[in-house]
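Undergrad: The following comprises the amino acid sequence and a computationally predicted model.
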Amino acid sequence: METPTKFVQIIDIETDRMEEMRALVQEADASLGGRAGGPTHRLVLQDRNQPNRFLVVIEFDSHDEAMRNSDDPETSRMAEKMASLCTRPPIFTDCDVQEKTELK
């Protein structure tokens with residue numbers, strides 16, 4: 001049986017309310033974190049040239065796990081709240097991980 005490919009979703013957001021966004025994510029982590037099929041890693045990047053633009057990289061064990069997570073009503077509610085804090089609609093990019101190397 002083939003091992004599922006890791007899956008990453010990149011969410012491109014613009015907000016001038018990042019502290020509220022962080023509080024919302026911390027609240028969601030407390031209630032949803034650690035559940036089976038949820039995200040395994042999150043990386044938040046801030047654009048140096050556009051300080052209100054952020055890229056959120058969320059890793060899942062597989063595309064199937066990510067889709068189950070997306071279908072969860074709690075995830076949908078959190079996504080709606082996050083979108084309300086944005087100055088434009090978020091842009092989602094779905095990616096299959098082809099290679100991951102730890103460089104030390």
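TA: Received the coordinates, thanks.
Undergrad: Would you state the strands of the chain in chain order?
TA: Assigned by DSSP state E, the strands in the chain fall at 7-14, 41-46, 53-60, 91-96.
Undergrad: for those, which one sits closest to Ala23?
TA: Among these, the nearest to Ala23 by C-beta to C-beta is strand 41-46 (13.5 Å). (C-beta placed from N, C-alpha, C; glycine too.)
Undergrad: Not counting its neighbours along the chain, what's nearest Cys95?
TA: Nearest residue to Cys95 in three dimensions, chain neighbours excluded: Val8, at 4.6 Å (C-beta to C-beta, 6 or more residues apart in numbering).
Undergrad: Packing partners of the helix or strand bottoming out on mean pLDDT in the chain?
TA: Scoring the helices and strands of the chain by mean pLDDT, DSSP states H and E places helix 18-32 at the bottom, with a mean of 88. If contacts are counted by 3 or more C-beta pairs under 8 Å, 6 or more residues apart in numbering; DSSP states H and E, helix 18-32 sits against helix 73-84.
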